[in-house]
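Q: structure for this input, please:
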Amino acid sequence: MAKAWHLVRRPNGMPVAEDFALRDLPTRELADGEVRVANRWLSVDPYMRGRMNDGKSYVPPFALDAPMDGGAVGEVIESRAAELPVGTRVQHMAGWRDEAIVTAKGVQKLPDLGIPDQAFLGALGMPGMTAWFGLLAVAEARAGDTVFVSAAAGAVGSTVVQIAKAKGMTVIGSAGGTDKTDWVRSLGADHVLDYKGDVPLVKALGAAAPDGIDVYFDNVGGDHLDAALAHAKQGARFAICGMIDGYNASQPTSLRYLMRVIAARIRVQGFIVSDFMNRIGEFHQGMGEIVASGKFQREETVVDGLEATPDAFLGLFSGKNKGKMLVKL
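A: Residues are numbered from 1 along each chain as shown. Just a heads-up that it's a prediction; the model follows:
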């Protein structure tokens, strides 16, 4: 019998195992226009933490005692939709479960680009789109800019680093620990800051960018945002994507250098990847060219088994992932 993870209570701060329950899904026949998909890969992403709260946001909160959802790729194993025969590889949003019934309109066929299916949950999926449009459309980064990227060893941040280098920018990345900083450096970053090191971020960034930064791509908030504000050039552009540092915090993020927004005429803009869905063709073409060049590095942290999905999700907040965090079924 198919199973799905359910949210059974709203977390207070960092979620714990007791907030989730793995339960059987009811079995039913397909209706016309539906397919049954055996999920092969599940995505866990930081934005899902916000959906666990009962508050108004850009996506509805998870309902209590109902199956959770999120990005997934899998294979059609039963079909009542002629355009999606059995064996079709698809992407959809009925994750956090091993099997899903989805309408034909609710899935996308995976294009045959000669890459592993799970890449469509990472570099060629939502994280890749976030990196592409956040850097190039929101921050309007261009050749010659100095770009600071927080969480540069994560799914989005590592992609930002590589796009920026492909476009002729100087890149400063931040990551935690020697293994991750070495990897970010191997992606082409010109300078890498270890936020777990002894040097405060604001001082480390000043040393790496003595003339300041033109662009900040924010996945973290907190001390990273403070450091970026402190060293922003006049007219700097900030693309605010995540602020993961505050997702489980009870106190607001510090903004000790916020006054520099005025003096340096800094433009700070938040964005959501869904803002750019009408430009997905542009992303596939541009990102496809970078991947096809053979220089793009795609890293994944893989956790095995549906039962481990909450652990994989919680690992995002303790830095356990290098690149995209995935669950393999």
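Q: low pLDDT regions in this structure?
A: Counting by pLDDT under 70, the low-confidence segments of the chain come to 244-254.
Q: rerun that using 80 as the cut-off
A: 55-58, 112-114, 242-255, 292 (pLDDT under 80).
Q: now the helices for it?
A: Per DSSP state H, the chain has helices spanning 47-51, 126-133, 155-166, 178-186, 201-208, 222-230, 260-263, 280-292, 309-315. These are given in chain order.
Q: can you lay out those helices as CSV showing mean neighbour count?
A: For the C-beta atoms, the positions are set from N, CA and C on the backbone; glycine is no exception. Supplementary listing: the helices of the chain in CSV, determined by neighbours: other Cβ atoms under 10 Å:
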stretch, mean neighbour count
helix 47-51, 18
helix 126-133, 26
helix 155-166, 28
helix 178-186, 17
helix 201-208, 18
helix 222-230, 23
helix 260-263, 13
helix 280-292, 15
helix 309-315, 21
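Q: now the ones you listed as CSV including distance to Ala72?
A: Supplementary listing: these in CSV, determined by distance: least, Cβ to Cβ, whole Å:
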stretch, distance to Ala72
helix 47-51, 13
helix 126-133, 12
helix 155-166, 15
helix 178-186, 26
helix 201-208, 35
helix 222-230, 30
helix 260-263, 39
helix 280-292, 18
helix 309-315, 11
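Q: of all the ones you listed, which one is nearest Val303?
A: helix 309-315 (4.0 Å; Cβ to Cβ).
Q: hang on, the earlier thing: to Ile172, which of the helices of the chain lies closest?
A: helix 201-208 (5.0 Å).
Q: could you check the angle helix 222-230 makes with the closest one?
A: Regarding helix 201-208 and helix 222-230, their directions subtend 50 degrees when assessed with axes from the mean of the first three to the mean of the last three Cα atoms, to 10 degrees.
Q: I'd assumed Tyr47 was in contact with Pro61.
A: No: with contact defined as Cβ atoms under 8 Å, Pro61 does not reach Tyr47; the gap is 11.7 Å.
Q: domain-wise, how is the chain divided?
A: As given by automatic domain parsing, the domain ranges for the chain are 3-122+299-328, 126-274.
Q: output stretch 268-280 as PDB - backbone C-alpha positions only.
A: What follows is the C-alpha trace of stretch 268-280 in PDB, where atoms were taken according to Å, rounded to 0.1, in the frame of the first residue of the first chain:
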ATOM      1  CA  VAL A 268      17.000  45.100  -2.000                       C
ATOM      2  CA  GLN A 269      14.400  42.900  -3.800                       C
ATOM      3  CA  GLY A 270      12.800  39.700  -2.600                       C
ATOM      4  CA  PHE A 271      11.600  37.200  -5.200                       C
ATOM      5  CA  ILE A 272       9.900  33.800  -5.700                       C
ATOM      6  CA  VAL A 273      10.900  31.500  -8.500                       C
ATOM      7  CA  SER A 274       7.200  31.200  -9.600                       C
ATOM      8  CA  ASP A 275       7.400  34.900 -10.600                       C
ATOM      9  CA  PHE A 276       9.400  33.600 -13.700                       C
ATOM     10  CA  MET A 277       7.500  30.500 -14.800                       C
ATOM     11  CA  ASN A 278       6.500  32.300 -18.000                       C
ATOM     12  CA  ARG A 279      10.300  32.400 -18.900                       C
ATOM     13  CA  ILE A 280      11.100  28.800 -18.300                       C
END
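Q: all set, thanks.
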